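Novice: Below are the sequence and a predicted model for it; my questions follow.
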There are 2 protein chains.
Amino acid sequence: MSGKHILIIDDDIHIGDVLKEILDREGYRVSRAYSGTEALFVLSQSKPDLVLLDLMLPGLNGEEVLPHIKGLPVIVVSAKVDIDSKVELLLGGAVDYVTKPFHSKELLARIAAHLRNAAISASSPSLIFKDITLNTDTHMASIGENEIKLTRTEYAILKLLMQNPGQVITKSLLLDRISEDTPDCTESSLKMHISNLRKKFREVNGKDYIEAVWGIGFKMKSD
Amino acid sequence: MSGKHILIIDDDIHIGDVLKEILDREGYRVSRAYSGTEALFVLSQSKPDLVLLDLMLPGLNGEEVLPHIKGLPVIVVSAKVDIDSKVELLLGGAVDYVTKPFHSKELLARIAAHLRNAAISASSPSLIFKDITLNTDTHMASIGENEIKLTRTEYAILKLLMQNPGQVITKSLLLDRISEDTPDCTESSLKMHISNLRKKFREVNGKDYIEAVWGIGFKMKSD
DNA sequence: TTAAATCTTTACAAATTCTTTACTGTTTTC
DNA sequence: GAAAACAGTAAAGAATTTGTAAAGATTTAA
């Protein structure tokens, strides 16, 4: 164990203590936060390698904390069985759940797996869908040899779509996600961004990779 | 690496050897085929998780091999820059290209990405009733190979029926639920939606999966 | 500060979906 | 058996939604 940094967000001091004990013994470096606001503060100060999150925080506004742990692997430790799928999408897939009561062995295995995955995806920082590659470092897309320059918003949209290939992403979710960067994004401007994205692909190879799902949202074409 | 099975179809022994060497080192299980006919045989015996295909096979009749690898992710390894669009259609979507000469790192990244995508779409959440599958990610129904595009309201109705297979769903409940999406849904329009749903199924295999319960509502046929 | 890039709005055509109307046939009720 | 209520489908019009262009507003970069 190479002293990876793990942040525990849990208001229950007892459970948090147990978690810390387990992780300490494995050689992880552990931080604690006991509320949503404290978690925000910790995350603004340092970037842990993985987050253990209890969703049942007092007065937690999920949407307040989640943007700040985006990009990190998150393991939700919760008694709740079904998690809002919105949470999952916002985090971009790197979510896992461990329901209480849990076995420490299982928890440790999951942590190790996620840390390994994170290491792998960091070494090849790109999303692939069909022949589109989206480089998350340069924020550029490419199809074969052709590089496509994306604006910030176009990148955010395409990334969300490509992280969930074939799945419908609702317009409201797209708007939520995008409005972190550009606060006034409405449905009409979303339409425009999609239109502009399509045009850029069309100029390269004439294909259309994005499909509208009438009344719901958009998805990457599965055909 | 969990020993995923990759089939290399390439007549060029040298290139095939290089590929195999690269994949072996990553812990993949590798099969080889040196011609179209041999590929057919291998594919009839086992189903790999991914196929690496050199299109320049001697005497290859693309149309002979391609139907057998439909449904699997395929990466075309080729010197040819532009691939015949017909090939792409036959492959049914999951195509990617790596042009020779290629970097092993890039190839491995693409393989990993496609295997991951395939794993996701295989485990995607869906409702099953008889031979109908309703995918809640893509909002599409499918019967065997046939995909059925549903409108928002049709999806909502079918989902409600399939979540309670064999149980009668009252018309008022259907209307309640549906009116979240389409506020003015009346009994006559509900009739139409049901009718349209049936028609879509009928066009695929002639069967009728929905049964009216006189004066009460509808249910999936239990026969 | 100016120029360029990006984002948002407006407007409108095209496409899709939803609802209504009308009509036929079936089932229940009286 | 006749009247009433319900089920099924087709066709057409209404309502929504999508796609794109053009132009104004805002942000970013030079």
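Specialist: It's in.
Novice: give me every residue that touches A:Asn205.
Specialist: For A:Asn205, the contacting residues are A:Ile143, A:Asn146, by Cβ atoms under 8 Å, 6 or more residues apart in numbering or on different chains. Placement of C-beta: from N, CA and C, glycine included.
Novice: Is stretch A:70-78 in proximity to chain B?
Specialist: No: judged by Cβ under 8 Å from any Cβ of the partner chain, stretch A:70-78 makes no contact with chain B; its nearest approach is 14.7 Å.
Novice: Report how many residues lie close to the residue nearest to A:Ile13 when sequence neighbours are not counted.
Specialist: Of all residues beyond its chain neighbours, the one nearest A:Ile13 is A:Tyr34 (7.4 Å), with distances taken as Cβ to Cβ, 6 or more residues apart in numbering or on different chains. Burial measure for A:Tyr34: 16 neighbouring residues, criterion other Cβ atoms under 10 Å in any protein chain shown.
Novice: Isn't A:Tyr34 up against A:Asp10?
Specialist: Yes: between A:Tyr34 and A:Asp10 there is a contact at 7.2 Å, judged by Cβ atoms under 8 Å.
Novice: Now the common contact residues for these two.
Specialist: Joint contacts of A:Tyr34 and A:Asp10 (Cβ under 8 Å, 6+ apart) are A:Gly16.
Novice: Remind me what the one helix or strand A:Ile22 maps to packs against, helices and strands.
Specialist: Per DSSP states H and E: A:Ile22 is located in helix A:13-25. Contacts of helix A:13-25 with other secondary structure elements, assessed using 3 or more Cβ pairs under 8 Å, 6 or more residues apart in numbering or on different chains; DSSP states H and E, are made with strand A:5-9, strand A:29-33, helix A:104-123.
Novice: what about A:Ala118, distance to A:Asn205?
Specialist: Per Cβ to Cβ, to the nearest Å, A:Ala118 is found 33 Å from A:Asn205.
Novice: hmm, I was thinking of A:Thr153
Specialist: With the distance defined as Cβ to Cβ, A:Thr153 ends up 23 Å from A:Asn205.
Novice: mind listing what A:Ile178 touches?
Specialist: With contacts taken as Cβ under 8 Å, 6+ apart, A:Ile178 has the following neighbours: A:Thr153, A:Ala156, A:Ile157, A:Cys185, A:Leu190, A:His193.
Novice: Which ones among those map onto helices?
Specialist: A:Thr153, A:Ala156, A:Ile157, A:Leu190, A:His193 (DSSP state H).
Novice: pretty sure A:Lys47 is in a helix, no?
Specialist: No: according to DSSP: H, G, I helix; E, B strand; the rest coil, the state of A:Lys47 is coil, so it is not within a helix.
Novice: That one: neighbouring residues, count only.
Specialist: Applying other Cβ under 10 Å, I find that A:Lys47 has 13 neighbouring residues.
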